[in-house]
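Asker: what follows is a predicted protein model with its sequence.
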Amino acid sequence: MQPGPRNLITDVAGLRVGNADDTRLKSGTTVLVGDAPFVASVDVMGGAPGTRETELLDPQRTVEAVDALVLSGGSAFGLDAPSGVSDGLRAMGRGFQLGPALIPIVPGAIIFDLLNGGDKAWEDNPYRTLGRSALENASSDFSLGSHGAGKGAVTGNYKGGLGSASLVMPCGTTVGALVAANPIGNVVTANGHFHAAPYEISAEFGGLGPDPQPMGCLPHHSEKVAKMMELATGADQAPTANTTIAIVATDATLTKAQCKRMAVMAQDGLGRAIVPAHSPMDGDLIFAVSTGKRDTPELSDLGHAAAMCLSRAIARAVWEARPEPGDVLPCLRP
């Protein structure tokens, strides 16, 4: 398997991604939208998720397709970003039609980036506007690293960010991943090698290779917790809100139940790239999307490809991050 031409989730035909962010705020929003509504489901493994309309994605629920998915910074405030996306979709004439009512379906999830050095002293919640701007910016090409929902992301010891990757399977089916990496865990070992190194293709995140020391994969001290404590003036304990949120997508034709299984299998990719993952202090969750353009390959192969894409996307998020004034942690690549 090799990456698609962009090595982005938008190698899945019919999907576009838009980013909007604010440097002063040190936060932003990312939206995935299709040329047409798409089938989607979700799997949540973190202990502290923040979500909107994810119950609709359960295979038992009646909603068959959604209009967009949103990944956003801002913690609970960021859950307003899908409202801006919904406003924009409605203005485009997109949504579920029920008589005269037009209702866009826009599930979303958030990361906690309120203690990252940005100015959060707003009077009006900025995320609705960021959501609509992200939709308006949607394109086949988009920026990684310190952009969109990854603008203010921070991992255990280095700055996090927005990542993406793709694979074309031997049968021709395309799989892609999009992620905002903001875990309490570490994406690199104590010796500076990516946990996801075994899955790297063509030095897409630096070609640093696997850690030569067999114990290098053990969890090591998290500078993130210490920095959050410094910024949480008056707090009597470390803030416990982090999160890695992601979308995996394919052009294969899947049901909601099959999307759910792809999301479950993709969680392995998150666990391979972040140590530790799925902790009580993270809200880790993965959306899965099917655009239904191709026949369905073996679902186990599809889930495996999604997991590999997600591991690579997480590493790319950290590799592509860039330093900005006020950062609380350094970038892996200065």
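Answerer: Arrived safely, thanks for sending.
Asker: okay, CA-based contacts and neighbour counts for the rest of this
Answerer: Fine.
Asker: can you give me the helices for the stretch 101-250 of the chain?
Answerer: For the stretch 101-250 of the chain, applying DSSP state H, counting those that start in this stretch gives helices covering 127-136, 223-231.
Asker: surely residue 117 meets residue 329?
Answerer: No. Because the distance of 9.7 Å does not satisfy Cα atoms under 8 Å, residue 117 is recorded as not touching residue 329.
Asker: for residue 89, what are its contacts?
Answerer: 95, 104 (Cα atoms under 8 Å, 6 or more residues apart in numbering).
Asker: tell me the phi and psi of it?
Answerer: Backbone geometry at residue 89, expressed as degrees, to the nearest 10, gives phi -60, psi -40.
Asker: now swap in residue 308 and tell me
Answerer: According to degrees, to the nearest 10, the main-chain angles of residue 308 amount to phi -60, psi -40.
Asker: count of neighbours near it?
Answerer: Residue neighbour count, defined by other Cα atoms under 10 Å, stands at 28 for residue 308.
Asker: wait, it sits on residue 199?
Answerer: Yes. Taking contacts as Cα under 8 Å, residue 308 lies within contact range of residue 199: 6.4 Å.
Asker: on that earlier part again, can you tell me which of the helices of the stretch 101-250 of the chain the model trusts least?
Answerer: Sorting these by mean pLDDT places helix 223-231 lowest, at a mean of 67.
Asker: so where is this protein shaky, pLDDT-wise?
Answerer: Along the chain, segments meeting pLDDT under 70 span 215-222, 225-241.
Asker: check it for its longest strand and report it.
Answerer: With DSSP state E setting the assignment, residue counts place strand 27-44 as the longest strand in the chain.
Asker: which parts of that strand are buried?
Answerer: Of the residues in strand 27-44, those scored as buried under the neighbour-count criterion (16 or more other Cα atoms under 10 Å) are 27-34, 37-44.
Asker: tell me the contacts of the most centrally placed residue in the chain?
Answerer: For the chain, the residue nearest the mean C-alpha position is residue 179 (2.4 Å; Cα atoms, centre = their mean). The contact partners of residue 179, by Cα under 8 Å, 6+ apart, come to 162-164, 244-247, 310, 313-314, 317.
Asker: what of residue 147?
Answerer: By Cα under 8 Å, 6+ apart, the contact set of residue 147 is 19-21, 28, 161-162.
Asker: farthest-apart pair in those, please.
Answerer: Using Cα to Cα, these span at most 13.3 Å, a distance reached by 20 and 161.
Asker: higher neighbour count, the two?
Answerer: Set side by side, residue 20 and residue 161 show unequal neighbour counts under other Cα under 10 Å, the larger going to residue 161 at 33 against 25.
Asker: how about the more buried one: what's its closest non-neighbour residue?
Answerer: Beyond its immediate neighbours in the sequence, the residue positioned closest to residue 161 (Cα to Cα, 6 or more residues apart in numbering) is residue 150, lying 3.8 Å away.
Asker: same check, this time on residue 83
Answerer: According to Cα to Cα, 6+ apart, the nearest residue to residue 83 is residue 128 (5.8 Å).
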